[in-house]
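# Structure here, sequence nowhere to be found:
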């Protein structure tokens, strides 16, 4: 996930999209939008929201092949571990982007 791209629309936008897709019966698009909301929450370090949105992704599309990934994030201890890893990853990635932009200037 590229946080810069998904953050442009914002968390609330993806949650709203997911809810609308869910109402329309489009489980695949709802799952993707909830997944994106979960990823944004993970990027922002919001544990409860991360769990909530990945759990919703499983609920709206229970036949999704990789649903075990979402189920993993819905458990607190797993989500905490994932948030720690994500925090480190995004810090390193952001540092590299800044260094690259600075060297191009």
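Arrived safely, thanks for sending. Given the structure is predicted, the values throughout are model-derived calculations rather than measurements. Numbering: from 1, shown residues only.

# What's the local residue count around residue 59?
For residue 59, the tally of surrounding residues (other C-beta atoms under 10 Å) stands at 16. The C-beta positions use only the backbone N, C-alpha and C, and glycine is treated the same way.

# what helix or strand is it on?
Following DSSP states H and E, one finds residue 59 within helix 47-60.

# in that helix, what counts as buried?
For helix 47-60, burial by neighbour count (16 or more other C-beta atoms under 10 Å) applies to 49-60.

# One more: stretch 62-75?
Burial within stretch 62-75, assessed by neighbour count using 16+ other C-beta under 10 Å, is assigned to 64, 67, 70, 73-74.

# Also stretch 14-21?
Taking 16+ other C-beta under 10 Å as the neighbour-count basis, stretch 14-21 is seen to contain the buried residues 14-15, 17-18, 21.

# Next up, phi/psi of residue 66, please.
Taking degrees, to the nearest 10, you get phi -100, psi 30 for the backbone angles of residue 66.

# how far away is residue 83 from residue 67?
Taking C-beta to C-beta, to the nearest Å as the measure, residue 83 falls 20 Å from residue 67.

# which of the buried residues of stretch 14-21 lies closest to residue 36?
Nearest to residue 36 among the buried residues of stretch 14-21 is residue 14, at 4.7 Å by C-beta to C-beta.

# Appreciated, that's everything.
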